[in-house]
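>>> Sequence and predicted model, in that order:
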Amino acid sequence: MDQKYDSNVKQIFLIVDNISIHKSTKVKEILVRYHPRIHLVFLPTRSPDSI
C-alpha cells in the first residue's frame, strides 16, 4: 500500500475491523517503523442502530 502512493501523499488511512490482530503491538510497531504514513482507522464495534 505504501509503495502504491507517491511521496505527495502524506498520510494513508486504512479502515479495518476490530479483530485483535489489527490492534496487536506487533502490527503497530511495524507500521510505525516501516510505514509511518499508514494509519489504521477502526470500524465501530457496534452499530448505533443496535443500541
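Cool, got the structure. Quantities reported herein were computed from a predicted structural model and do not represent experimental measurements. Numbers count the residues shown, from 1 in each chain.
>>> quick one, what contacts Q3?
Residues touching Q3, when contacts are defined by CB atoms under 8 Å, 6 or more residues apart in numbering, are absent altogether. The way it works is simple: take the backbone N, C-alpha and C, and place the C-beta from them, glycine included.
>>> Looks like F13 contacts V41 (just checking).
Yes - applying CB atoms under 8 Å as the test, F13 and V41 come out as touching, 5.2 Å apart.
>>> shared neighbours, those two?
The contact sets of F13 and V41 do not overlap (CB under 8 Å, 6+ apart).
>>> so where's this protein uncertain?
Low-confidence segments of the chain, defined by pLDDT under 70, span residues 1-2, 47-51.
>>> Now do the strands in it.
Remark: strands assigned in the chain by DSSP state E are 12-16, 38-42.
>>> Output the ones you listed in TSV; the columns should cover distance to K23 and mean neighbour count.
As requested, those are exported to TSV (distance: least, CB to CB, whole Å; neighbours: other CB atoms under 10 Å):
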stretch	distance to K23	mean neighbour count
strand 12-16	9	12
strand 38-42	7	12
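>>> right, so of those strands, which gets closest to S24?
With respect to S24, and counting by CB to CB, the nearest of these is strand 38-42 at 10.9 Å.
>>> Nearest the middle, which residue of the chain would you pick?
Per CA atoms, centre = their mean, the C-alpha nearest to the average position across the chain is that of L40, at 1.6 Å.
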